[in-house]
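Engineer: Need the 3D shape of this:
(one chain, ligands or ions: 1)
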Amino acid sequence: MRISSKLLAAGGLVAALAAFFLALPEPGDRQGAATGGAFAIRGARVFDGEQVLPKATVLVRDGRIEAVGRNLEIPAGVAIIEAAGRTLLPGLIDSHVHAWGSALVDALNFGVTTTLGMFGDPAMLRELKPHRESLAPVAFADHFSSGWLATVPGGHGTQFGLPVPTLTTPAEAAPWVEARLAEGSDYIKIVYEPKGAGGLGPPFPSLDAPTMQALIEATKARSRPAVVHISRLEPARTALEAGADGLVHVFADRPIDEAFLALAVGRGAFVTPTLAVTASIAGEGEGAALALDPRVAPFLSPDQQRTLTQVVQHRLAFLNPAVGLDATRRLAAAGVDILAGSDAPNPGTAQGVSLHHELAMLVRAGLTPVEALVAATSAPARRFGLQERGRIAPGMRADLLLVAGDPTTDIGATLDIERIWKNGAPVERRRYTPTTP
Ligand SMILES: [Zn+2]
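Structural biologist: Okay, the predicted model is just below:
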């Protein structure tokens, strides 16, 4: 919802991003290099992005998944990784991040292989696009993004001192969308926080409903997803009535009603609830406790350590996390697509690790562990048109996460990370000296 102004205000940061990514180290020896780039992961429980295969073998060749099967024959000379008792998952997709600094390295360190930016500087998109289209080894997560967000002068998103291009009227909507697509935006994010709509909201001016609708129509005319930031029920209703493809938060001001459920189902909308950050901004965050988890602490970069333990300065009292949990449960039960998003690096969250937290929050809301895993794999890939991602199936990019235990019944096991692969290459997890006393 809000973004650390400290992170954003670093003016030189944006300019430095291109050099930063080009300077990233390449991974060392590629696994299977001696066997034609092929290896097999044998005997794991496989969550394929949609369902659980109790025991299967996955064959990877040249960065892609070649075959999946219970009794798959492994070609001679192919390296074998024995994985009985463990669970193999698609690399996770975080559907709501803000990528600055070491964000994409930090995300990959926790098995998040694809990130969806919901406001960031478009300059980095040009640097990152070739990487996400390539199967060459990389040491950071792939990134898709809205680039800038649509807001009015002085509106939410402008408080960080970045040159956000703003608009105020429906007539400006189509040119604004065209300018974003020309910059490389993959989809369009719109901020809709009108005053006087079911309770006191953030103290910002907002786009009006006709301008929001014109933005959505211009985006859909270009066959791209149009997503809307809301925090309250009535603006969320207006956004769906205006044709939004999805909401990138769930409202947490007042209880969901039958009319909203019917609207969301009828429009085929998706919702990215961002429950962990809502709890944090409401003053009920769990980031500091998570930072002490022995499966987490050694792998936190300085940025992650700082943002995960950060306490919000001005908590938003109109947000009631229990209302957001209940809305999420009822939306999921009605068949609305739920996507897992962390909104990192807002206070109380951190890249990568907070997506695991969000999965636990989705289960707390009432999703099954498998439904939560779908929300971080195949569902975002389908809703954002991400090719070759979010599933373990022949032809898919070999972005993989191997964990001990069984997150399909105990969602907390996603943090028991044993191995990560990006584009079929093993990721050497970075360990940092824990800075907690
Ligand atoms: Zn956000």
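
Engineer: Could you give the number of residues near the closest residue to Arg397 other than its chain neighbours?
Structural biologist: In space, and not counting its chain neighbours, Arg397 is closest to Glu388: 4.2 Å by C-beta to C-beta, 6 or more residues apart in numbering. Where C-beta positions appear, they are placed from N, C-alpha and C, glycine not excepted. By other C-beta atoms under 10 Å, 18 other residues sit near Glu388.

Engineer: Surely Glu388 touches Ser378?
Structural biologist: No. In this structure, Glu388 is not within contact of Ser378 by C-beta atoms under 8 Å, at 12.0 Å.

Engineer: how about the CA coordinates for stretch 321-336, as CSV?
Structural biologist: This file holds the C-alpha atoms of stretch 321-336, laid out as CSV (Å, rounded to 0.1, in the frame of the first residue of the first chain):
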residue,chain,number,x,y,z
PRO,A,321,-7.2,-7.2,9.2
ALA,A,322,-9.9,-9.6,10.3
VAL,A,323,-12.3,-8.0,7.7
GLY,A,324,-9.7,-8.6,5.0
LEU,A,325,-9.2,-12.2,6.0
ASP,A,326,-13.0,-12.8,6.0
ALA,A,327,-13.4,-11.2,2.6
THR,A,328,-10.6,-13.3,1.2
ARG,A,329,-12.1,-16.5,2.5
ARG,A,330,-15.5,-15.7,1.0
LEU,A,331,-14.1,-14.6,-2.3
ALA,A,332,-12.0,-17.8,-2.6
ALA,A,333,-15.0,-19.9,-1.6
ALA,A,334,-17.1,-18.2,-4.4
GLY,A,335,-14.4,-19.2,-6.9
VAL,A,336,-12.8,-15.8,-7.4
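
Engineer: Could you give the average pLDDT over that stretch?
Structural biologist: Averaged over stretch 321-336, pLDDT sits at 98.

Engineer: Show me the contact partners of it.
Structural biologist: 250-256, 261, 264-265, 269-271, 273, 275, 278-279, 282, 284, 338, 361-362, 364-367, 371 (C-beta atoms under 8 Å, 6 or more residues apart in numbering).

Engineer: circling back to that earlier point, for the residue nearest to Arg397, helix, strand, or coil?
Structural biologist: Classification of Glu388 by DSSP: H, G, I helix; E, B strand; the rest coil places it in coil.

Engineer: quick one, what contacts whatever residue of the stretch 1-150 of the chain ends up closest to the ion?
Structural biologist: Residue of the stretch 1-150 of the chain nearest the ion, by C-beta to the ion: Met118 (4.8 Å). Counting by C-beta under 8 Å, 6+ apart, Met118 touches 96-98, 145-146, 149, 189, 227, 229, 248, 341, 343.

Engineer: so which of those residues also contact the ion?
Structural biologist: Contacts with the ion within these, counted by C-beta under 5 Å from the ion: Asp343.

Engineer: Need the contacts of Met118 in JSON lines (columns: pLDDT and neighbour count).
Structural biologist: Shown next, in JSON lines, are the contacts of Met118 (pLDDT from 0 to 100; neighbours: other C-beta atoms under 10 Å):
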{"residue": "His96", "pLDDT": "98", "neighbour count": "30"}
{"residue": "Val97", "pLDDT": "98", "neighbour count": "30"}
{"residue": "His98", "pLDDT": "97", "neighbour count": "23"}
{"residue": "Ser145", "pLDDT": "98", "neighbour count": "26"}
{"residue": "Ser146", "pLDDT": "98", "neighbour count": "26"}
{"residue": "Leu149", "pLDDT": "97", "neighbour count": "24"}
{"residue": "Lys189", "pLDDT": "98", "neighbour count": "28"}
{"residue": "Val227", "pLDDT": "98", "neighbour count": "30"}
{"residue": "His229", "pLDDT": "97", "neighbour count": "27"}
{"residue": "Val248", "pLDDT": "98", "neighbour count": "28"}
{"residue": "Gly341", "pLDDT": "98", "neighbour count": "29"}
{"residue": "Asp343", "pLDDT": "98", "neighbour count": "29"}
